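[1] below are the sequence and a predicted model; questions follow.
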Amino acid sequence: MGRIAGRFGRVEPRATARAYLLGLLSGVERKNCWRLAEQAGHARPGPMQRLLRSARWDADAVRDEVRAYAVDHLGSEGGVLIVDETGFMKKGRSSAGVQRQYTGTAGRIENSQVGVFLAYATGRGRALIDRRLYLPEHSWCTDPERRQAAGIPGEVQFATKPRLAWEMIAAALDAGVEAPWVTGDEAYGQDTQLRAALETRGTGYVLAVARSVRGRINSGRTPIRADTVVGRLPEAAWHRQSAGNGAKGLRYYDWAWIHIGTGEYRHLLVRRNPATRELAFYLCWSATAAPLAELVRVAGSRWSVEECFQAAKGQVGLDHYQVRNWTSWHRHITLAMLALAFLAAVAADAAPDRPAEPHHHTRGSSPISLTVPEIRHLFTAVLDPPVVSPARLLHWSNWRRCHQAAARRSHYRGRSAHETGG
C-alpha cells in the first residue's frame, strides 16, 4: 500500500483500497464488493462500490506502480513479456465490451468480456503487469448510446487484440522494463504489424503461428509452407530439450529450427511432442545471435501467462467482479493484479537458491518452494480478522436478502410491463 498510497488524493479511498486488497488476499469465496465489504467490517458495500466507480483515483497510474513493483521484485536477466487474452463470462448486454464471442476460457463462443493482458516472467517468478479491455468494433465502437451507458471514454476507439498487445509492450519498454523477448500464441504471432513493430524496436520474439504460415528458405529464394519444410527435415535435425518446468517436472520436446528469409537471425522454430508427434510452429527473430536453447526457453515461457490467469482467478478474484462500467472493470482488474504481484514477490523473496543439478527434485525430502496459493493461505491465516459476531453475520444476511428482494421486484415489474405492453 505504501507503493500506491500516493495515487489516492483522499484518505477515505486510500483506506478502502487497502481493505479491498486485503479482501482479495483473504479466504473469502467470492471477492465481489458485497463480500469484501463484509470481510472488511463495513456495514454496507457502498464504500467498495464507490472505490470502483466514482472515487477519484487513476487506475492507469496504479497499474504503472504494479508494473514497477513486479519488476523490482521479479526482475532478472532474460525477462520475457508475454501477451495473451482471457475471457470473463457475463450475462446480459450492459457490461462494457460484452458480446457473444469466442473465449479460450470456455473453449467456445459465449456471452463474455475479453481482456488482453501482458505478463512479465523471469527465473524468479511471473506476474500480470498490464491489461486492456477489448472493445468489439461493430457491437460497441459504433454505438454511442451503449458506450455512454457503460462509461466508455470518447477517446477509446476500436483496436485489434494485437494492437492492444503492442500498446502494452511499448509502454513497458518505455517504462524501462528490461525484457529482450516477447512471446504469445497464434492470435499475436500471425499479426505482421506486431512482428514488424517489435523488430523496429529491436525486441526479439518467439511467436506461435499456424502450420500454414509461409516462409522463405535457401537465402530467401524459395517460398514454402511451414508444415511442408518440416516434412523434409532429417531426424538428425531434431534436438530434445526442455521447455521449462511443468506441473509434473521438466517438459521435454523435440525441437528443430530452420533459417528463413534473408536476415541472419530469423528462424522458423518447430516443436514436436515425442509421444503424439504433434507439431507447433513459431516465428523467431532477434537483433543478435541466439542459440536454439534460448529460443526454446522463450517459447516455453509462454505458459507463464496461463499460470498467472489461473492464480489470479483462483487466488485473488480476478474474475469475481460484478461491475458493468468501463472504469470499474479497469480498477478491479488493476487491484487484483497488485494482489497477485504481491504474492509473486513474496514467493520470489522466500525461494531458496535453485540447485544447479536439473534432477534435484527426484532426490531429498525437502518441501517444494512456497507457491502463490500457499502464501495466500498463510497470509489469510495470520491476518484475517477475528471471528465475526452473530449480529454482524445476521446484519449482512439481512442486507443481501433485502437487496435480492428489490432486484427480484424490479425484474418482475419489468417482465410484467413487457408482457402487457405498458
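    Arrived safely, thanks for sending.
[2] what distance do you get for T86 to L118?
    12 Å (CB to CB, to the nearest Å). C-betas here are computed from N, CA, C, even on glycine.
[3] and if you look at C308?
    10 Å.
[4] okay, and the common contacts of these two?
    L128 (CB atoms under 8 Å, 6 or more residues apart in numbering).
[5] could you report the neighbour count for S94?
    Around S94 there are 12 other residues, counting by other CB atoms under 10 Å.
[6] that one is in contact with Q148, isn't it?
    No - if you go by CB atoms under 8 Å, S94 and Q148 don't touch, sitting 11.9 Å apart.
[7] name the SS class of P223, please.
    Secondary structure state of P223, per DSSP: H, G, I helix; E, B strand; the rest coil, is strand.
[8] neighbours of it, how many?
    Neighbours of P223 (other CB under 10 Å): 11.
[9] next: F117.
    Neighbours of F117 (other CB under 10 Å): 24.
[10] ok, the residue lying closest to T86 once chain neighbours are set aside to L250 distance?
    Closest residue in space to T86, ignoring its immediate chain neighbours: F309 at 4.9 Å, by CB to CB, 6 or more residues apart in numbering. Applying CB to CB, the value for F309 to L250 is 22 Å.
[11] what's the strand or helix carrying the residue nearest to T86 in contact with?
    Assigned by DSSP states H and E, F309 falls within helix 303-315. Helix 303-315 is contacted from outside by 80, 82-84, 86, 117, 119, 121, 126-128, 244, 246, 318-319, 336-337, 339-340, 343, 372-373, 376, using CB under 8 Å, 6+ apart.
[12] among those residues, which lie within strands?
    80, 82-84, 86, 117, 119, 121, 126-128, 244, 246 (DSSP state E).
[13] buried subset of the residues you listed?
    Among the ones in strands among the contacts of helix 303-315, those classed as buried by 16 or more other CB atoms under 10 Å are 80, 82-84, 86, 117, 119, 121, 126-128, 244.
[14] re the thing from before, what is the nearest of the ones in strands among the contacts of helix 303-315 to P136?
    P136 lies nearest to T86 out of the ones in strands among the contacts of helix 303-315, by CB to CB, at 15.9 Å.
[15] surely the closest one touches F117?
    Yes - applying CB under 8 Å, one finds T86 in contact with F117, separated by 6.7 Å.
[16] from the centroid of the chain, which residue is nearest?
    Nearest to the geometric centre of the chain sits F117, at 4.3 Å (CA atoms, centre = their mean).
[17] list the contacts of it.
    83-86, 128, 130-132, 168, 305, 308-309.
[18] between those residues, which is closest to H411?
    T86 (29.8 Å).
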